[in-house]
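Chemist: sequence below, structure please.
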Amino acid sequence: MEFDYEETVVNIEEIIAEIESGELTLEEVFEKFSLAVADLQKCEAFLSQGQQQMNLLIETLEDDF
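Modeler: Here you go, the predicted structure:
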């Protein structure tokens, strides 16, 4: 399964809304929070990898000129 950044962000937003609703038990809040943190870590890794690729491309372009 390929990582979908936009879908993951939507999922995080939904989790935040659920937590903020005040309708979850404390145990459910901890569960949801854990899921959101895991998703945030995936997003951070995805963005970091993208930034590294961009930096490499920029370096390649600079070397060509």
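Chemist: residue 36 is in what secondary structure piece?
Modeler: If you go by DSSP states H and E, residue 36 is part of helix 26-64.
Chemist: any idea how far residue 24 is from residue 5?
Modeler: Look at residue 24 and residue 5: by Cβ to Cβ, to the nearest Å, they are 26 Å apart. All C-beta spots, glycine's among them, are computed from the backbone N, C-alpha and C.
Chemist: tell me which of those two has more neighbours.
Modeler: Neighbour count, other Cβ atoms under 10 Å: between residue 24 and residue 5, residue 24 has more, with 15 against 12.
Chemist: shouldn't the more buried one be in contact with residue 15?
Modeler: No - Residue 24 is beyond contact range of residue 15, at 10.1 Å (criterion: Cβ atoms under 8 Å).
Chemist: need the overlap of contacts for these two.
Modeler: residue 32 (Cβ atoms under 8 Å, 6 or more residues apart in numbering).
Chemist: for residue 50, what are its contacts?
Modeler: Applying Cβ under 8 Å, 6+ apart to residue 50 gives no contacts.
Chemist: where does this protein dip in pLDDT?
Modeler: For the chain, the stretches with pLDDT under 70 are 65.
Chemist: how does it look with 90?
Modeler: Low-confidence segments of the chain (pLDDT under 90): 1-2, 61-65.
Chemist: just give the closest residue to the spatially most central residue of it, not the sequence neighbours.
Modeler: Among the residues of the chain, residue 43 comes closest to the average C-alpha position under Cα atoms, centre = their mean, at 2.3 Å. In this structure, residue 43 finds its nearest non-sequential neighbour in residue 8, 5.7 Å apart by Cβ to Cβ, 6 or more residues apart in numbering.
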